[in-house]
Every structure is written in C-alpha cells, then in structure tokens.
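> Okay, here's the prediction I keep looking at, along with the sequence it came from:
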Amino acid sequence: MVHAQTQPIFHEGNATSEGGQIKKISVGDVKAALQAGYDDFSQRPSHAVFLGLLYPLLCFVLLAAVTGRDLLPLIYPLIAGFSLVGPFAALGLYEMSRKREETGEMHWRDAFGVFRAAAFSQILVLGMLLLLLFSLWILTALLLYTYTLGTIATPEAPLAGLFTTSEGWTMIMAGNALGAVFSVLVFAISAVSFPMLLDRHVDTPTAVALSLKVVAANPRAMAYWGFVITAGLFLGFLPLAVGLAVIFPILGHATWHIYRATVK
C-alpha cells in the first residue's frame, strides 16, 4: 500500500453527482497525489515499456518529416497533441495503481487488467472521443498554417518567416490559443473519467459529467494539477522526449490518486 504520509488528505465536500460524491481537495492534496504517483513508479518503474512505445512513434514522425517536408509544419502540433491522447495512453498506469491500492502489490501484468474492466466498452468510447479531438486539433493546426504562414512559405522552406513575419506570429499566437482551448477541454472531461471507468461500472456520459464537476468544484487545485501536467510534459519533451519516460508514468500513476482523492 502507499504509505500513509503520501496519501492525499482530502476535505469532504457536499457535492453529490451520479456515480459518486465529489470531494474538495487542496493544492497540498495534489502534491500528495504526485508523491503517491512517484511511489507507485518507484516500486515498478514503467519507463522501459513507455520508451518502447514512444520512440517508434517519434521515429515515424521524424522520418516522415525528413523524407517528405509536408509534415514539418505539424511537428509542434503533433507534439502538443500528445497531451490530448495522454489520458487514454495512461490506462495501464491507472490500473497498476488501482491494483497496488487493492492488494499492496503491483506487477507489469496488472496493466492488462484494463481489458477486464466492466466498463471497457465505455473506455473505448471515451478514447475514441479523445482521438477525435486530437484529429480536430491537427486539422485546425493545418488550416491555421495554410491561411497564415502557408501563404508565404515555400515547399523548400515551409517554416520560413515563422518569427520574422506577421503571418508567422499570427500563427504562433492563434495556434497556442486554440491549443489551450483543446487542452482545457480534454483536461476537464478526462481529469478523473478514465480512472472512474476502470473502477466502477458506469457509462461514458456519467464519467465525463462527474469529471467536469470535479474540475468545477476544485478550480484552484485542478488548475494547479493542469499546470503540473503541462509543465511536466513540456520538460519531458525537451531532451528529445527522453524525460517523458519518467514524467509520463508518474503523472499517470498520480492521476489515479487524484481520482481517489476527489471522488467517493
């Protein structure tokens, strides 16, 4: 079991929703959930498996960018879009933390318990929703590029003028603003919904509605949690995404503890 000192110390609230009672948490509880996530990661480091999945994907993207330049303007949106599908990609980490909480032990094979979840079909529905939002984000980024920097760029230099023209700066500012909208939306609907679908036999609308209410009931703590996720993923991508091998699993494990702290 996670040591008592690392368990989130939440504050009981009176907000009740279909699927569970929403509890109030503080920034300190988020920090405690992060510590609990680190404890889970330390017991069974999952970075090796994550690297095995991460690097083939990155190599594919980079190879496509090098061999055909058409994808080059989308490198940043693709990297930024990782946060949109991250909650779905972390399913195995939630299940490992759930199993450790239940039995006091955690093994690699526990991640495959996702496929035995009572609400597995609903997990797939929510996962498809995130993939749809990811696709919409990439399409939005492509259209934004086409109508801003794409009007002056050349096939040989698709990012020429990015920092030296008004079109480039328009794309940067509008792209970051639109990306933030997508990120906030995905964060709100998936903050606790995937862990809840693993833990309880509920449907996707119920899990999403409760996730939205958790975020609304804990604006300060959840804003801090969202900042931690954003900063963590940003730092993880800096050294050629090597840092994600540690940061992503810790965030995934911590998400389970955020769920346990906010939903009764």
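On my side now, so go ahead.
> For residue 150, see how far away residue 142 is.
9 Å (CB to CB, to the nearest Å). Quick note: C-beta positions are derived from backbone N, CA and C, even for glycine.
> Could you do residue 107 as well?
49 Å.
> Which one's more surrounded, these two?
Counted by other CB atoms under 10 Å, residue 107 and residue 150 do not tie: residue 150 has more neighbours, with 15 against 12.
> right, and the more buried one touches residue 141 too?
No - in this structure residue 150 lies outside contact range of residue 141 using CB atoms under 8 Å: 11.2 Å.
> In contact with residue 133: list those residues for me.
84, 182, 185-186 (CB atoms under 8 Å, 6 or more residues apart in numbering).
> Now the common contact residues for residue 150 and residue 141.
The contact lists of residue 150 and residue 141 share residue 73, where a contact means CB under 8 Å, 6+ apart.
> Tell me which helix or strand comes right after the longest helix seen in the chain.
For the chain, the longest helix by residue count, based on DSSP state H, is helix 120-147. Per DSSP states H and E, the first helix or strand lying C-terminal to helix 120-147 is helix 166-190.
> got the buried residues for that next one?
167-168, 171-172, 175, 179, 182-183, 186-190 (16 or more other CB atoms under 10 Å).
> what's the angle from that helix to helix 120-147?
170 degrees (axes from the mean of the first three to the mean of the last three CA atoms, to 10 degrees).
> what residues does helix 166-190 touch?
76-77, 80-81, 83-84, 87-88, 126, 129-130, 133, 136-137, 140-141, 144-145, 148-149, 151-152, 161-163, 208, 211-212, 215, 222, 226, 229-230.
> Pull out the buried members of these.
Using 16+ other CB under 10 Å, the buried members of these are 77, 80-81, 83-84, 87-88, 126, 129-130, 133, 137, 140-141, 144-145, 148-149, 161-162, 208, 211-212, 215, 222, 226, 229.
> on that earlier part again, which neighbours do residue 142 and residue 150 share?
Joint contacts of residue 142 and residue 150 (CB under 8 Å, 6+ apart) are residue 73.
> so what secondary structure elements neighbour the helix or strand encompassing residue 41?
Remark: residue 41 resides in helix 27-43, with elements defined by DSSP H and E. Under the contact definition 3 or more CB pairs under 8 Å, 6 or more residues apart in numbering; DSSP states H and E, helix 27-43 sits against helix 91-103, helix 219-237, helix 244-262.
> Enumerate the positions of the second one that are buried.
Within helix 219-237, the residues that count as buried by 16+ other CB under 10 Å are 221-222, 224-226, 228-229, 232-233, 236-237.
> same deal with the shortest one?
When burial is assessed from 16+ other CB under 10 Å, helix 91-103 yields the following buried residues: 91-101.
> next one: stretch 28-44
Neighbour-count burial for stretch 28-44 flags 29-41, 44 (criterion: 16+ other CB under 10 Å).
> what's the average pLDDT for that stretch?
In this model, stretch 28-44 has an average pLDDT of 95.
> and it, how far from the chain's centre?
16 Å (CA atoms, centre = their mean, to the nearest Å).
> Stretch 223-233 now?
10 Å.
> and if you look at stretch 254-264?
15 Å.
> need the buried residues of helix 91-103 in TSV with pLDDT and distance to residue 200, can you?
Formatted as TSV, those follow (pLDDT from 0 to 100; distance: CB to CB, whole Å):
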residue	pLDDT	distance to residue 200
91	94	15
92	92	18
93	92	18
94	95	13
95	95	13
96	93	18
97	95	15
98	95	11
99	93	16
100	94	18
101	94	14
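> Tabulate those residues (a markdown table), appending distance to residue 252.
Below are those laid out as a markdown table (distance: CB to CB, whole Å):
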| residue | distance to residue 252 |
| --- | --- |
| 91 | 8 |
| 92 | 8 |
| 93 | 3 |
| 94 | 7 |
| 95 | 10 |
| 96 | 9 |
| 97 | 8 |
| 98 | 12 |
| 99 | 14 |
| 100 | 13 |
| 101 | 14 |
